[in-house]
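A.B. asks: return atomic coordinates for the entry below.
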Amino acid sequence: MTTNRFWTPLIILLVVIIAVGGIFAWSQYQDSQAAEISLTSNLTEERLPNEIYIGGAVTNPGFYPLRGDNRIEALVQAAGGTGISAEFKTFKLHIDEVGEESSPQKINLNRAEIWLLEALPGIGEERAKAIITYRREQGPFHTAKELLKVPGVGIGTFEGIKYLVTVAD
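C.D. replies: Residues are numbered from 1 along each chain as shown. Prediction:
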C-alpha cells in the first residue's frame, strides 16, 4: 500500500506535466494562413505598378515584376525566399506619393551570384569572378569600400557602383 501511495501521485504529476507541455506546444504552433490582397474599384489592373519592392527578411530584397494575379508567396519566392529570422505576422505595403523617388535595388556583395554582379555597371564576367573569389578566400565583405581590394576593381569602378551595393550578412 505504501508503494501505491508513491506511484499514484507520481503518475498524476507526469500526466499533468505531459498535458501542460502538450497545451504549450499546441499554443506555440501557428499554421500558416493565406493572405489575400483585394483590389478596390479605384485600383484596377491597368493602374497597378509594374514593379513591387520586396524587402525585409528575404534573400534578395529589391524590385520585382507585379501582376494582378500574383500571390504573396510567389512574390517572396521571386525574392529568393525568406531567411531563418522571417516572421510572418505583418507585411508592409508602401505606395509612393506623386513625386516620391524610390531608391535603386542594392546588390548584396556577400550573397550575390555571378550573374547579378555582372549586371553592375563596369563589372563584367572577370570582375564578378574576382569578387566571388575574394569573398570565398577572405570571407564576407565588411564595407562596400572593401571592393577596392578586389583585383581589377579601381576607384572609378567603385565610384560608379557604390550606391548600388550593400554588404548585409
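A.B. asks: check for me that A74 belongs to a strand.
C.D. replies: No: remark: A74 does not belong to a strand; assigned using DSSP: H, G, I helix; E, B strand; the rest coil, it is helix.
A.B. asks: what's around it, how many residues?
C.D. replies: 11 (other Cβ atoms under 10 Å). (C-beta placed from N, C-alpha, C; glycine too.)
A.B. asks: how close does it get to G80?
C.D. replies: Per Cβ to Cβ, to the nearest Å, A74 is found 13 Å from G80.
A.B. asks: the helices in the chain, which residues?
C.D. replies: Using DSSP state H, the helices assigned to the chain run over residues 2-28, 72-78, 114-118, 125-138, 155-161.
A.B. asks: residue ranges with poor pLDDT in this protein?
C.D. replies: Within the chain, the segments meeting pLDDT under 70 span 1-4, 24-49, 88, 90-96, 100, 102-105, 169.
A.B. asks: break it into its domains for me.
C.D. replies: The record's domain parsing of the chain by automatic domain parsing lists 35-96, 107-166.
A.B. asks: relative to G22, which of those is closest?
C.D. replies: In terms of Cβ to Cβ, the element of the domains of the chain nearest to G22 is domain 35-96, at 23.9 Å.
A.B. asks: report the contact partners of the residue nearest to the spatial centre of the chain.
C.D. replies: In the chain, the residue lying closest to the centroid (Cα atoms, centre = their mean) is V58, at 0.8 Å. Shown in contact with V58 (Cβ atoms under 8 Å, 6 or more residues apart in numbering): 76, 79-83, 86.
A.B. asks: contact partners for the residue nearest to P140 when sequence neighbours are not counted?
C.D. replies: Counting by Cβ to Cβ, 6 or more residues apart in numbering, N110 is the residue found nearest to P140 once chain neighbours are left out, at 4.3 Å. The contact partners of N110, taken as Cβ under 8 Å, 6+ apart, are 135, 140-141, 167-169.
A.B. asks: now for these: which two are most distant?
C.D. replies: R135 and A168 (13.4 Å).
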